[in-house]
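Participant: Here is a sequence together with a model predicted from it:
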Amino acid sequence: MHSPIKEVNPQSESVEIVGWVHEIRDLGGLLFCLVRDRTGILQVTIPKKKVSPIVQEVMKGVTRESVVRIRGTVKAIEKAPGGRELIPDNVELLNSCETPLPLDVVEKVSADLDTRLDARFLDIRKPRVTSIFLIRSAMMDAVQVYLFSRGFIHCTTPKIVAAATEGGTELFPIAYFEKEAFLNQSPQLYKQMMMAAGMEKVFEIGPIFRAEEHNTTKHLNEATSIDVEVSFADHRDVMALLESLIVHVYGQIREQCSDQLAALNIEEFPIPRIPFPRIPYEEAIGIATAKTNEKISFGDDIGTTAEKAIGDEIGEHYFIVDWPTAIKPYYAMPYEDQPHLCRAFDLMHPRMELASGAQRVHQYALLVEQIRAKGLAPEGFEFYLNPFRYGMPPHAGWGLGAERLLMTMLGLNNIREAVLFPRDRHRLVP
RNA sequence: GCCCAGGUAGUGUAGUGGCCUAUCAUGUCGGCCUGUCACGCCGACGACUCGGAUUCAAAUUCCGACCUGGGCGCCA
């Protein structure tokens, strides 16, 4: 049985490791071969005159990034990296690697993102990139553990759907036998139906698809959404849930991923403090107007420039609350006393929007009215609207962008860094 | 979709009309080397995105196409 490289220590008498050849330094009579697995790198030292001729013979065929299995003795040596090295009794070449490599895994020479994504499997072997995805895995785990601990039920809803969730955003049409269908842009309608189904607290983590031709460092055409919906809750309840989830995730990553954070050169990993400031929309556009000299009127969307200005001003996570009803989807609940404002919120990181949510409209008549007000036809939403006629509880929820959360947490400068195989306007392969 | 900047060995770059038979690093191959850790030294290999135009002369200027990055719009 082989050991993870991280766990190899001088106390282990005989050890077997498997991995990729990271670097070879041949000094003549002495050869150093660094072997890497996803947990770390170990120096294998080969004093040529002292090891068996078979080991020497096999090593001649070993190129960088070849896959090897090595058995030998571990020694504590101060001058070796990590204070330990492996003297092999046996080296097995499991698979050789062609040369030249499409990119440099050791990162002596950098590669453009495009080159990296073309050879993503190799790019991910870089310890720095491996770390991003180990943290992503820990992040997803932390989200699920937290939500389960709060009594949530995990559900899975269709990604092939018949209609748009809310208009506005563009959908990818697909052929569904003799019918036209689309890839879902959001599980919104289905998670609301789970409220009508009496599930009370549900979450779903799944792909969402947007056919917008944007070309930015924070948009993807296929993204991962962390979606939550809660019955008998209002917008304030789910905002509190959201901010405490964010804090939990940061805390878990700080606790569990110190090696990965170090690999990413992240020395400080402060956990956000709650409660996050709640900034009413009207105040937010006031801040943006003051800082940018751009005039933003009530009812305008907050553009990129304004968003950055507000983020600079606040300097930490914050919520924008009390949005104009007119610029939020029809399912956002208006305030009874001020129907031009609604119980919707966006969770913002100083760099960008992370999540949006709201208390939802649960009254059938109001919902139909709001759908009409958006210029949409209620007839197209019958499957969604029917549940509202038969005992829909009041409810609230949100959707959180997983890639954006990871990106802002780790300070990645492009959202594509947070996805294994990103889908953007031009990239469909690999 | 709009605007801006780009496209030179496997990778990352220098080169803004002739000095380019194209720079440097890394890599690969060969040689030397027993403590490297960006190992060192010697030698070799390997590239101007495509099409058209201007010019005695184009990697370099112009036009078009394709591709890439960034900003904005739209959006989460």
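Facilitator: Sure thing, it's come through. Numbers count the residues shown, from 1 in each chain, chains lettered A, B, ... in the order given.

Participant: for the residue of the stretch 101-250 of chain A found nearest RNA strand B, what are its contacts?
Facilitator: Of all residues in the stretch 101-250 of chain A, A:His214 sits closest to RNA strand B, at 2.8 Å by CB to the nearest atom of the strand. Bear in mind the C-beta positions are built from the backbone N, C-alpha and C, glycine included. Shown in contact with A:His214 (CB atoms under 8 Å, 6 or more residues apart in numbering): A:Arg425.

Participant: In which helix or strand does the residue of chain A most remote from its centre reside?
Facilitator: Ranked by distance from the centre of chain A (CA atoms, centre = their mean), the top residue is A:Lys49, with 49.8 Å. Take DSSP states H and E as the rule and A:Lys49 turns out to sit in neither a helix nor a strand.

Participant: Okay, it and A:Leu406: tell me how far apart.
Facilitator: Distance check for A:Lys49 against A:Leu406: by CB to CB, to the nearest Å, it reads 49 Å.

Participant: Hmm, A:Gly311 is touching A:Pro350, no?
Facilitator: Yes: the criterion here is CB atoms under 8 Å, and A:Gly311 meets it with A:Pro350 at 3.5 Å.

Participant: So those two - more neighbours on which side?
Facilitator: Remark: of A:Gly311 and A:Pro350, A:Gly311 carries more neighbours, 20 against 16, as counted by other CB atoms under 10 Å.

Participant: Could you check which helix or strand contains that one?
Facilitator: Going by DSSP H and E, A:Gly311 is in helix A:304-314.

Participant: Look up how far A:Asp89 lies from the residue of the stretch 101-250 of chain A closest to RNA strand B.
Facilitator: Taking CB to CB as the criterion, A:His214 is separated from A:Asp89 by 56 Å.

Participant: Over to A:Gln363?
Facilitator: Taking CB to CB as the criterion, A:Gln363 is separated from A:Asp89 by 75 Å.

Participant: How about the residues of the stretch 51-200 of chain A by RNA strand B?
Facilitator: Counting by CB under 7 Å from any atom of the strand, the residues of the stretch 51-200 of chain A close to RNA strand B are A:63-64, A:77, A:79-81, A:85, A:99-104, A:108-115, A:166, A:168-169.

Participant: Of the residues you listed, which belong to helices?
Facilitator: By the criterion of DSSP state H, membership of these in helices covers A:Leu113, A:Asp114, A:Thr115.

Participant: what stretches of the stretch 201-350 of chain A score poorly on pLDDT?
Facilitator: Residues of the stretch 201-350 of chain A meeting the criterion pLDDT under 70: none.

Participant: at 90 instead, please
Facilitator: When residues are selected by pLDDT under 90, those of the stretch 201-350 of chain A lie in A:211-215, A:267, A:289-297, A:299-301, A:303-305.

Participant: Could you tell me which residues of it lie near RNA strand B?
Facilitator: Residues of the stretch 201-350 of chain A that fall close to RNA strand B, judged by CB under 7 Å from any atom of the strand: A:210, A:212-217, A:219-221, A:223, A:301, A:303-305, A:307-308, A:329, A:346.

Participant: How is chain A partitioned into domains?
Facilitator: A:5-95, A:122-277+A:316-418 (automatic domain parsing).

Participant: Go through the ones you listed and name the closest to A:Leu428.
Facilitator: Each of the domains of chain A has some distance to A:Leu428 by CB to CB; the shortest is domain A:122-277+A:316-418, at 9.2 Å.

Participant: Could you tell me the end-to-end distance of that closest one?
Facilitator: This stretch, domain A:122-277+A:316-418, spans 16 Å end to end (CA to CA, to the nearest Å).

Participant: rewinding a little: restricted to buried residues, select the residues of the stretch 201-350 of chain A next to RNA strand B in PyMOL.
Facilitator: Here is the PyMOL selection string for the buried members of these, based on 16 or more other CB atoms under 10 Å:
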select buried, chain A and resi 210+219+220+221+223+307+308+329+346
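
Participant: Which of the residues of the stretch 201-350 of chain A next to RNA strand B fall in strands?
Facilitator: A:Ala223, A:Asp346 (DSSP state E).

Participant: if you skip the residues just before and after it, what's nearest to A:Gly391?
Facilitator: Sequence neighbours aside, A:Ala196 is the residue nearest to A:Gly391 in space, at 7.1 Å (criterion: CB to CB, 6 or more residues apart in numbering).

Participant: so the residue farthest from the centre of chain A sits right up against A:Gly28, yeah?
Facilitator: No: in terms of CB under 8 Å, A:Lys49 does not count as a neighbour of A:Gly28; the distance is 10.7 Å.

Participant: show me where the stretch 51-200 of chain A has helices.
Facilitator: A:53-60, A:113-118, A:120-123, A:127-149, A:188-196 (DSSP state H, counting those that start in this stretch).

Participant: how far out from the middle of the chain is the first one?
Facilitator: Pointing back at helix A:53-60 there. Taking CA atoms, centre = their mean, to the nearest Å, one finds helix A:53-60 lying 43 Å from the centre of the chain it belongs to.

Participant: Check which residues of the helix or strand A:Tyr384 falls within are buried.
Facilitator: Secondary-structure element containing A:Tyr384, defined by DSSP H and E: helix A:382-385. Residues of helix A:382-385 classed as buried by neighbour count (16+ other CB under 10 Å): A:Tyr384, A:Leu385.

Participant: burial count for A:Ser225?
Facilitator: Applying other CB under 10 Å, we find 21 other residues in the vicinity of A:Ser225.

Participant: where's it, which helix or strand?
Facilitator: Mapping A:Ser225 onto the secondary structure by DSSP H and E places it in strand A:222-231.

Participant: Adjacent strands (with direction) for that strand?
Facilitator: In the sheet containing strand A:222-231, its partner strands are strand A:201-209 (antiparallel), strand A:395-401 (antiparallel), by DSSP bridges.

Participant: before we move on, back to that, got the contact list for the helix holding A:Tyr384?
Facilitator: If you take CB under 8 Å, 6+ apart as the criterion, helix A:382-385 is touched by A:Ala162, A:Leu189, A:Gln192, A:Met193, A:Tyr364, A:Leu367, A:Val368, A:Pro378.

Participant: Noted, bye for now.
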